[in-house]
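Undergrad: 3D model of this:
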Amino acid sequence: MSKNEFISLVHRYLNGECTSSEISRIRECIEESPENLQTFEEIKKIWDVKPDKELHADLGEAWNRLEGKMFEKKGVKTPYYRYARSVHQRNRSGRLYAWMRVAAILVVGALLTLVAIQISGGGFFAGPADSTQEEIAMQEVRADRGHQSRMTFSDGSEVRLNSASTIRFPQQFDADVREVWLEGEAWFNVQHNPDVEFIVRTSEATVRVLGTEFNVKAYQEEPEVEIVVVNGLVTVRAADANERDSASEVRLHKGEMSRVLRGEGPSEARSVNIESYLSWTRGTFVFDETPFARVLAEWERRFNVHFEIENETLLATPFTGEFRYESFDEMLRLTSIALDFEYKRTNQTITINNLN
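TA: Residues are numbered from 1 along each chain as shown. A predicted model of the protein is given here:
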């Protein structure tokens, strides 16, 4: 196994996406080479850095250290390296102020996740309406298409971002509230604190908890926000609902979910099979009578591909299936058999033809 392949496999392991055989292969590589062990430990150290520690790191110094470790051949720089140095130079000139989080060690030719942590304003993620950027320093963590990200807040609360998702939060939480802004999908495991509420805000919904495990799906391109509770209790209301109107909120317990349609209030709580909503956190896919359009949207984000549908009537077709160890190409092949369609793949573009 080449060094690049080993690093890519470790990246998948830290994302929780490896099969048992792949985990065994990682162990074998570590036992075979002290260099592989050192590489694994370096990646894990960077992966485990908490956001509150990242903010105090000097970007230029951190990249200089990485350069010395990762680029043994003089003059060799990856595109990611050049990008990060460019960001640092723009910081010094005052045009951009940003923090970068490395999700895995960068090496020549390795395709790894790069997570940006930055201060920025505008749009839904601008933060509280009555605060300026000078008053509240906001951090941003982003998981690009084809990648996922994990982070741990200083209070011990955990967040896992699905592909094509962004979360923003203050540099320091207030003493009486922990508040974050989400676009996309994220799983939360919030440390219980009866005195400090945890709030997740999306464009259409507000989710309040004291300490629990839950999932929020709020992609801008989808017409609804989904909230599923794994453990504990949360309340859900429309983003523009009166904060004092308790009648406008829905309470969700373990195993329950609610949807908030754009411009409407939350639906009534109902019991669901949470496995289908959390399968993405385990690197699997579980679909239960899911419209095919949503299946394709999941795959586009997760595998960074693009689907072109010649017969759009197929998009409303419900699909039920479970994929745990199959590759993307195999999932696509099996789904084409189940739904009776043909497809052609050209690089990252997949054209689907309905046979009916």
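
Undergrad: name the nearest residue to Leu163, ignoring sequence neighbours.
TA: Just so we're on the same page, residue 163 is Ser rather than Leu. With sequence-adjacent residues excluded and distances taken as C-beta to C-beta, 6 or more residues apart in numbering, Ser163 is closest to Arg301, at 4.1 Å. The way it works is simple: take the backbone N, C-alpha and C, and place the C-beta from them, glycine included.

Undergrad: what sits up against the host helix or strand of the one you found?
TA: Under the criterion of DSSP states H and E, Arg301 resides in helix 292-303. By C-beta atoms under 8 Å, 6 or more residues apart in numbering, the residues outside helix 292-303 that reach it are 145-146, 162-164, 219, 221-222, 280, 285, 287, 305-307, 309, 314-319, 328, 331-332, 335, 339.

Undergrad: give the PyMOL command for selecting the buried subset of the residues you listed.
TA: Entered in PyMOL, the line below selects the buried ones among those, by 16 or more other C-beta atoms under 10 Å:
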select buried, resi 146+162+163+164+219+222+280+285+287+305+307+309+314+315+317+319+331+332+335+339
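
Undergrad: since we're on the residue nearest to Ser163, how many residues are nearby?
TA: Neighbourhood size, Arg301 [other C-beta atoms under 10 Å]: 24.

Undergrad: adjust the sequence numbering to begin at 53 for everything that follows.
TA: All right, first residue 53 from here; so that's Arg353.

Undergrad: mind listing what the spatially most central residue of the chain touches?
TA: What sits nearest the mean C-alpha location of the chain, by C-alpha atoms, centre = their mean, is Leu213, with 2.1 Å. Listed by C-beta under 8 Å, 6+ apart, the contact set of Leu213 reads Val193, Arg194, Ala195, Gln200, Ser201, Arg202, Met203, Ile219, Gly236, Glu237, Ala238.

Undergrad: any idea how far the third one is from Asp247?
TA: By that I understand Ala195. Separation of Ala195 from Asp247 (C-beta to C-beta, to the nearest Å) stands at 31 Å.

Undergrad: okay, those two: which has more neighbours?
TA: Ala195 (25 against 8).

Undergrad: and the pLDDT for the more buried one?
TA: Note for Ala195: predicted pLDDT of 92.

Undergrad: related to what we said a few turns ago, okay, buried residues for the helix holding Arg353 please.
TA: Using 16+ other C-beta under 10 Å as the test for burial, helix 344-355 gives Phe344, Ala345, Val347, Leu348, Ala349, Glu350, Trp351, Glu352, Arg353, Arg354, Phe355.
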